[in-house]
Structures are given as C-alpha cells and as structure tokens.
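Undergrad: From the sequence below, what's the structure:
(one chain, ligands or ions: 1)
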Amino acid sequence: MGDLERMASTPAFAAIRDEIIALAGLKPAERLLDIGAGTGLLTLAAAARVQAVSALDVSQAMCAHLERKCGALGVENVEVLHGDAVELPLANDAIDVVLSNYCFHHLRDADKLRALAQIRRVLRPGGRLIFGDMMFRLGVAKRRDRAVIALLVKRVIAHGPAGLVRLAKNALRILTGRWERPASVEWWQNALRQCGFVEVAVYPLEHEGGIAFARKPLD
Ligand SMILES: C[S@@+](CC[C@H](N)C(=O)[O-])C[C@H]1O[C@@H](n2cnc3c(N)ncnc32)[C@H](O)[C@@H]1O
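TA: Model (predicted):
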C-alpha cells in the first residue's frame, strides 16, 4: 500500500491523472466508474466533478484503504466496490464514464478483452472510456519497445547493487511468466475497435505509459 501511495504521489502519476481527467470532460450529473481504483488517484480527483463514483478494486486491502481515505476527507459520493475488472458488478448501461489508471497491465491479454467487453456492457450508449497504462511490449522488435525497456533498465541500475538485484528478480519473473503484462499502443487500438468502441485514440507518453480514449456507439 505504501508503495502504491508513493507511486501515486509522483509527478508522472499526477500528470497522467490530470490528462485523464481533462480528456474525460466530466459533467456534474454523471456516474463514473474507476477500475483498479487503488489509492483513489482518479476517484478522488473525479468525485468533486460528478454525481457519483463507483471505485472498484480486486484487492480487499486497497478497498478498505480507499474507504478510510474517503471517510477522512469527507467524500460522500464514492462507493467502494470489491470486484474484478473482468466481471463488473454493475448493471447494463449504468455508467456514463469509465476511468482507469495503471490497472490493465495486471491482466492477461484475454482478460483485458473480457474487461473491455464488460466496460462496453456497463457504459450507456455514447458513454466514454479513458485510461492510462504501461504501453509497450516486452520485446525488442519495435523501436519504442527497445527504448522503453532500456529506460526501465537504466532506472533500476541507477539504484546500485539493490537495483541489480531487482533487475535479476524482474528477469526471473519475466522468464517464469509472472511479470506485469503491458500491451502496446497498437494492441489497445485493435482491441478497442474489436470490442466495438468508436472514436478510438491511443497515444504513447514520454515514458513507458500511454493514454487511451474510446466511446461506446450510440447504436
Ligand atoms: C498500480 S495500482 C494503480 C492504482 C490507481 N489507479 C492509481 O493510479 O494510483 C493497480 C491497482 O489495480 C488493482 N487491480 C489489479 N488487477 C485488478 C483487477 N483484475 N480488477 C480490479 N482491480 C485490479 C490493484 O489491486 C491495484 O490497486
């Protein structure tokens, strides 16, 4: 939890939060869903701008943490939901805007597609989805992937011997299939279109991240 709070308080995460909120163009009467709400980075920024927020996380500990935070801050329009992105506990067409930040790289590709299908189901026609995530592939075929991986390795090595140990641990996790599963900008563009979204726009950020916008068609 401490690690997530530290990450959420970095300037890079604040910048992604601000970009997602700006792209969302939130309106006071809207109902919002934050998937993988974690520390509440998006939830707390959005709560003051909309009618109601459902903040969903698969971790019971993160849900309890966010509930405590909302209580301490006196935020009353946030409902914390314990649940999984691949099986959203919400009715069809119940939500105007879905937001998410740095959650989807925890999901296998097949589950990313299941989550997109669920998002499309709970969004009202014309509703929108905006999310940030790691966006690159663990491979060296593409120039951006090579550059991102080199940057991440350099960042870890800068931590000296502790960084080298972390690098070795991450290499082991990659080899045994237990590392995060980021997808590329191109993968997300295809997946969003394949799942029936329109107005799809996905773009990389300066670092390993990227941001996506998509809309559920009006029918
Ligand atoms: C890196 S944290 C990001 C938290 C927050 N969105 C932020 O920007 O600070 C990822 C969060 O996604 C949650 N998560 C991972 N897999 C999930 C899933 N399948 N469904 C819902 N939440 C999930 C984790 O429990 C964690 O709280």
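Undergrad: what residues does the protein put near the ligand?
TA: For the chain, the residues in contact with the ligand (CB under 6 Å from any ligand atom) are 4, 8, 35-39, 41-42, 56-59, 62, 84-85, 101-103, 106-107. For every residue, glycine as well, the C-beta is placed using N, CA and C.
Undergrad: shaky segments in this structure?
TA: Low-confidence segments of the chain, defined by pLDDT under 70, span residues 138-141, 161-179.
Undergrad: what residue is smack in the middle of it?
TA: Geometric centre of the chain, nearest residue: residue 101, 2.5 Å, by CA atoms, centre = their mean.
Undergrad: so what's residue 137 closest to, chain neighbours aside?
TA: The shortest distance from residue 137 to any non-neighbouring residue, by CB to CB, 6 or more residues apart in numbering, is to residue 184 (4.8 Å).
Undergrad: what's the domain layout of the protein?
TA: 2-137+180-215, 143-175 (automatic domain parsing).
Undergrad: Let me know which of those domains is tucked in deepest.
TA: Scoring those by mean neighbour count under mean count of other CB atoms under 10 Å gives domain 2-137+180-215 as the most buried, with a mean of 18.
Undergrad: For the residue nearest to the centre of the chain, which non-adjacent residue is spatially closest?
TA: residue 132 (4.6 Å).
Undergrad: With residue 67 instead?
TA: residue 80 (4.8 Å).
Undergrad: so after the helix or strand harbouring residue 12, what's the next helix or strand?
TA: Assigned by DSSP states H and E, residue 12 belongs to helix 11-24. For helix 11-24, the succeeding helix or strand toward the C-terminus, using DSSP H and E, is strand 31-35.
Undergrad: any idea of the angle that next one forms with helix 11-24?
TA: Interaxial angle of strand 31-35 relative to helix 11-24 (axes from the mean of the first three to the mean of the last three CA atoms, to 10 degrees): 150 degrees.
Undergrad: And strand 31-35, what does it pack against?
TA: Using 3 or more CB pairs under 8 Å, 6 or more residues apart in numbering; DSSP states H and E as the contact test, the elements touching strand 31-35 are helix 41-47, strand 52-57, strand 95-101, helix 109-122.
Undergrad: do you know which of these lies nearest residue 69?
TA: Closest to residue 69 of these, according to CB to CB: helix 41-47, at 7.2 Å.
Undergrad: Restricting to C-alpha, output the closest one in PDB.
TA: Extracted in PDB, the C-alpha atoms of helix 41-47 (Å, rounded to 0.1, in the frame of the first residue of the first chain):
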ATOM      1  CA  LEU A  41      -5.800   8.800  -7.500                       C
ATOM      2  CA  LEU A  42      -8.500   9.200 -10.200                       C
ATOM      3  CA  THR A  43     -11.500   8.600  -7.900                       C
ATOM      4  CA  LEU A  44     -10.700  11.500  -5.500                       C
ATOM      5  CA  ALA A  45      -9.900  13.900  -8.400                       C
ATOM      6  CA  ALA A  46     -13.100  13.000 -10.200                       C
ATOM      7  CA  ALA A  47     -15.500  12.800  -7.200                       C
END
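Undergrad: Thanks a lot, see you next time.
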